[in-house]
Structure formats: C-alpha cells, structure tokens
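Participant: Below are the sequence and a predicted model for it; my questions follow.
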Amino acid sequence: MLVCRYWRDVAIDTPELWADICVSPHDSLEKAHRKLARSKSVPLDITINFTPRVDNSSGAMESIIHAMDLIRPALWRARSFRLSVPNKPQAHAALLRCREEAPYLESLCIRVFHSMQEDHYSSPCLPLFKGHTPRLRSCSFTSFNFNWDRRVVSNLRVLQLGGYWNGSSPSVDTLLDILRGCPGLEELALRNMSDVDPEACVSLEHEFISTKVVKLPRLTKASFYYAGIMRTRMLLSQISFPALESLDFCYLDNLTPVLEHLRQQSLTSLPLKYLRIESSFLNEPKFIMLLRRLTSLVTLELVDVEDVTCFLLKNLSLPPVAHPWVCPKLDRLNLDGCTALEWDALRGLVESRLSGRPPQLSSASAAAASRSSFISTASASAHIHALSLSRPATPTMQPCRLSSIDVTRCHQISKEMVQWLKMYVRDVRCEPAKGIWGESILP
C-alpha cells in the first residue's frame, strides 16, 4: 500500500506496529530483521513456523538456525514465543539458543509435528530461558520433552499437553504434581497420549484414598482428547473443579466411571455450560442422572455416540412427576452420527421445548400426528399452541426453546423431517441430500 512520507514516518516511528515477528517459508529473514529494528524495545510476539512440508528440504534446519540466531538477542523482550518444527533434531537445535532470561514471556508454545519419532534427542534442552520466566501463564507443548520439570509449568493459567506416546506419556502422579503447582489454572487440555498401565492404576487407587485432593477453583475449561480413559478417570477422581463450564471427552472408550466422578462433583458445584462427548461409550441411565444435576447446561454435543437412544430424548422432554426439567437451559443440541435415535422421540423433544410442557399424546394419536406432521406450518403451529393451552402451569423452571439442532449423518432423519425441524428450530444442520453428480439439492 502506498502512503505519503508523513504517514510512513508515523508508522515507522510507532514500534508497537512492528512487534509481531514471524519467520516461516513465507516470511523472510529480511522482513523479520526489519521489524526487529523498528520495534525498538517493545515486547515481541515471536513465531517460527516450519511445517512438515519443508522437512525434506536441505535448507530447513539451516533456516531454523538462522532464524533463532537473528531473534536470540531480542528474546529477553519476548511476550509470546511459538516454535513449530517438523522433527525433534530441529527443535533441539532451536531451543539450544533459548538461554537468555525472558522476564516478559507470558505464552510459550512448542510443537514438534513428528511426535512418534524416536531418536537421541530425547534429553531436554533445560533450563529454557535460564529458568527465569516470572510472567509465564500459558504453556502448550506437543511432543516436546521437558522431562516433566515443574519449574517449566508452574503457576500457569493455561496448560495444553499433547503428542506423548509410549514411554514419553506422563503418569497420573506426574500430572497431579504439575496441577498442584498451578492452583490458578483456568484451562487444561490433554490430547493424543498413550494410556497408563491399568495395573499401576489399581495400586494408585488405594494410595489416592489418603491423598489430598488437588483443588483447582478457577478451572473453567477442560478437554480430554484420546488422553487415555484410565488417566482421565484417575485425574478427575483426584481434582476438584467447582467452576468448570466447558468439558470435552473424545475417543475415551467407556466413560461411565468418569460420569460418576462428575456426578459427585455436581453434588457441591458444577456450573457446566458446554459438554461434548465424541466416539465414546457410556451408560445411558447414569448419563441422565448426571444431566439432571447440570441445570446450567446450554450446549450438549453427542457425536458418534452409539449408546444414545430415545431414552435420553424422552427424559429431556418428559421429566418425572414433581421433578424439574432435565437441562432446562439447553439451547443447542448436536446429535451428529447418532443413528439409534427415532424420529418420534426427537419430534417430541422439540414440541415439549416449544410449549414448555411434556407431550401427552397417546401412542395412536402420536403416530397419526407423525404421519400428518408435514401438512403445513399453520396446522403444526396450531397444534403446538393447543398443547400449551391445554395444560396447567407448573411452578418449576420452564425449559428454553432449542435454537440449534445438528442431525448430520443421522440417516434415519428424512428430508421431510428436516423441513419440519426447520419450522421450529432456527438453526438445523444436516447432511444435505446429493444429486447424481454429488451436488447439494437440499436447501
């Protein structure tokens, strides 16, 4: 962009505009050198990003070393440092140059793409930044071996660990020690780790009986993505998280014991607003028992969960007598890949959340209503309005109307059923019907 020399002088004399330093195959060293000179002494956001696509190029290692040599004199004023390299030798070479103190460093991200690689670079390049990072609050490590040194991951607010396999994966005791050193932790993410030995966990369960629970009063977000069901179960049994609002479980086999730990936590405080379960097994009655305690839940995502049936939807739409609604604040429901659900149960859930009353149709009338549910918008609206007027008001909290439903890959839901859902739900997501050439023909 062309500007006059006055605006150019203003831009050059404003060091904050040049504080974002990036070196990658698309960002040259000359550009980084220019920004370093113009940024003067302001805190820097430094990114060195070399994807695996350039792993086989002869100049990848040389480029990373040149980038670190250029940035090394300015590391003392780094506010955030992100390093992404294809393999461990390149990470080792880069981190050997992180020997200066980093008094302003707040965020540290180190990512090694080839996480399964075994080589002689398993020893960590410690201590990073001479161990002087008083402001460090966020750490994200992927396949980076820091020998699980607590000095690197202490007093954090955000901790993300991933890509640790076989002997490199952390034990439950190691993670608990790290969490004890982060009492103000707000976000925890464990991703892609080999599970711990089940026999070792049996002995740990007896030791944990007399062990003090790790309290994380500020933890609001937790994610466990292929982190091992035994590790997840043991961790959740030994930590307290009374402020948790967002929780992800993905690829964790049988979640039933974990659901019991969550239910026990809910007896004191569990203001969960977002819950996602993907490709895992669970006991549906126990899951419903947990949902009864989650009165603040706004978003429920169940992706490829084969154990979810109409029993769940009926409990969401038909609370027991003299009992409150299950998840009365539920606003968004994701049933992607849940093929065991039936249309009548899903339709009853939508109707009950519209009228604020559980559906009380007989089986014959329900079947007739299901056959005639696609007649017109006006007749369906009149039917819902009549249901709401025919039942007396109850003093319990009324449920919120669903604003989003995802029935992608639910092949039992036909095109006509999706059109009916769109009349009462603002956002309906589904797998569009395909033409003979693969084009979408369903609006």
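Facilitator: Cool, the structure landed. Note that the structure is predicted; figures quoted are calculated from it, not measured.
Participant: so what's Asn49 up against?
Facilitator: Cys22, Val23, Ser24, Arg82, Ser84 (C-beta atoms under 8 Å, 6 or more residues apart in numbering). (Glycine included, C-beta is placed from N, CA and C.)
Participant: quick one: the helices in the stretch 301-443 of the chain?
Facilitator: 310-317, 343-355, 363-371, 377-389, 415-424 (DSSP state H, counting those that start in this stretch).
Participant: Would you single out the least confident of the ones you listed?
Facilitator: Per-stretch mean pLDDT for the helices of the stretch 301-443 of the chain is lowest at helix 363-371 (a mean of 44).
Participant: so Gln160 sits in a strand?
Facilitator: Yes - membership of Gln160 in a strand is supported by DSSP: H, G, I helix; E, B strand; the rest coil.
Participant: What pLDDT is listed against Leu236?
Facilitator: Leu236 carries a pLDDT value of 95.
Participant: Assess the claim that it and Glu260 are in contact.
Facilitator: No - the criterion here is C-beta atoms under 8 Å, and Leu236 misses it with Glu260 at 9.6 Å.
Participant: More neighbours: those two, which one.
Facilitator: Neighbours of Leu236 and Glu260, each counted by other C-beta atoms under 10 Å, are more numerous for Leu236; the result is 21 against 17.
Participant: Quick check: that one is in a helix.
Facilitator: Yes - Leu236 forms part of a helix when assessed by three-state DSSP.
Participant: Excluding chain neighbours, what is closest to it?
Facilitator: His261 (4.5 Å; C-beta to C-beta, 6 or more residues apart in numbering).
Participant: Check Arg151 too.
Facilitator: Here the residue nearest Arg151, using C-beta to C-beta, 6+ apart, is Gly131, at 5.6 Å.
Participant: gap between the one you found and Arg99?
Facilitator: 10 Å (C-beta to C-beta, to the nearest Å).
Participant: any weak-confidence spans in the stretch 251-400 of the chain?
Facilitator: 356-396 (pLDDT under 70).
Participant: what about the helices in the stretch 51-200 of the chain?
Facilitator: 60-71, 88-95, 172-180, 198-208.
Participant: Could you export the second one as PDB, CA atoms only?
Facilitator: To tie it back to what came earlier, the one meant is helix 88-95. Extracted in PDB, the C-alpha atoms of helix 88-95 (Å, rounded to 0.1, in the frame of the first residue of the first chain):
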ATOM      1  CA  LYS A  88      13.000 -33.200  17.300                       C
ATOM      2  CA  PRO A  89      16.500 -32.500  16.000                       C
ATOM      3  CA  GLN A  90      15.300 -29.200  14.600                       C
ATOM      4  CA  ALA A  91      13.500 -28.400  17.900                       C
ATOM      5  CA  HIS A  92      16.700 -29.300  19.800                       C
ATOM      6  CA  ALA A  93      18.800 -27.000  17.600                       C
ATOM      7  CA  ALA A  94      16.400 -24.100  18.000                       C
ATOM      8  CA  LEU A  95      15.900 -24.400  21.800                       C
END
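Participant: Going by contacts, tell me the helices and strands next to the helix or strand containing Ala32.
Facilitator: Using DSSP states H and E, Ala32 sits within helix 29-38. Judged by 3 or more C-beta pairs under 8 Å, 6 or more residues apart in numbering; DSSP states H and E, the packing partners of helix 29-38 are strand 20-23, helix 60-71.
Participant: ok, now with 6 Å
Facilitator: strand 20-23 (3 or more C-beta pairs under 6 Å, 6 or more residues apart in numbering; DSSP states H and E).
Participant: Name the residues of the strand it packs on that are buried.
Facilitator: Using 16 or more other C-beta atoms under 10 Å as the test for burial, strand 20-23 gives Ile21, Cys22, Val23.
Participant: Could you do stretch 66-83 as well?
Facilitator: Using 16+ other C-beta under 10 Å as the test for burial, stretch 66-83 gives 67-68, 70-71, 74-83.
Participant: ok, back up a step: now render the helices of the stretch 51-200 of the chain as TSV, adding distance to Cys338 and mean pLDDT.
Facilitator: Shown next, in TSV, are those (distance: least, C-beta to C-beta, whole Å; pLDDT from 0 to 100):
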stretch	distance to Cys338	mean pLDDT
helix 60-71	44	92
helix 88-95	40	90
helix 172-180	32	95
helix 198-208	29	59
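Participant: Switch those over to a markdown table; also include distance to Ala222.
Facilitator: Formatted as a markdown table, the helices of the stretch 51-200 of the chain follow (distance: least, C-beta to C-beta, whole Å):
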| stretch | distance to Ala222 |
| --- | --- |
| helix 60-71 | 33 |
| helix 88-95 | 27 |
| helix 172-180 | 11 |
| helix 198-208 | 19 |
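Participant: Looking at those helices, which is nearest to Ser240?
Facilitator: helix 172-180 (10.6 Å; C-beta to C-beta).
Participant: got the buried residues for that closest one?
Facilitator: Buried-residue list, helix 172-180, by 16+ other C-beta under 10 Å: Val172, Asp173, Leu175, Leu176, Ile178, Leu179.
Participant: That helix: how far from the chain's middle?
Facilitator: Distance of helix 172-180 from its chain centroid, counting by C-alpha atoms, centre = their mean, to the nearest Å, is 21 Å.
Participant: on contacts alone, who are the packing partners of it?
Facilitator: When contacts are defined as 3+ C-beta pairs under 6 Å, 6+ apart, helix 172-180 packs onto strand 214-215, helix 229-238.
Participant: Buried deepest among the ones you listed, which one?
Facilitator: Mean neighbour count (mean count of other C-beta atoms under 10 Å) peaks for helix 229-238 among the helices and strands packed on helix 172-180, with a mean of 22.
Participant: Out of the buried residues of stretch 66-83, which sit inside strands?
Facilitator: Ala78, Arg79, Ser80, Phe81, Arg82, Leu83 (DSSP state E).
Participant: Thought Leu105 was touching the first one, still the case?
Facilitator: Yes - under the criterion of C-beta atoms under 6 Å, Ala78 is in contact with Leu105, at a separation of 5.4 Å.
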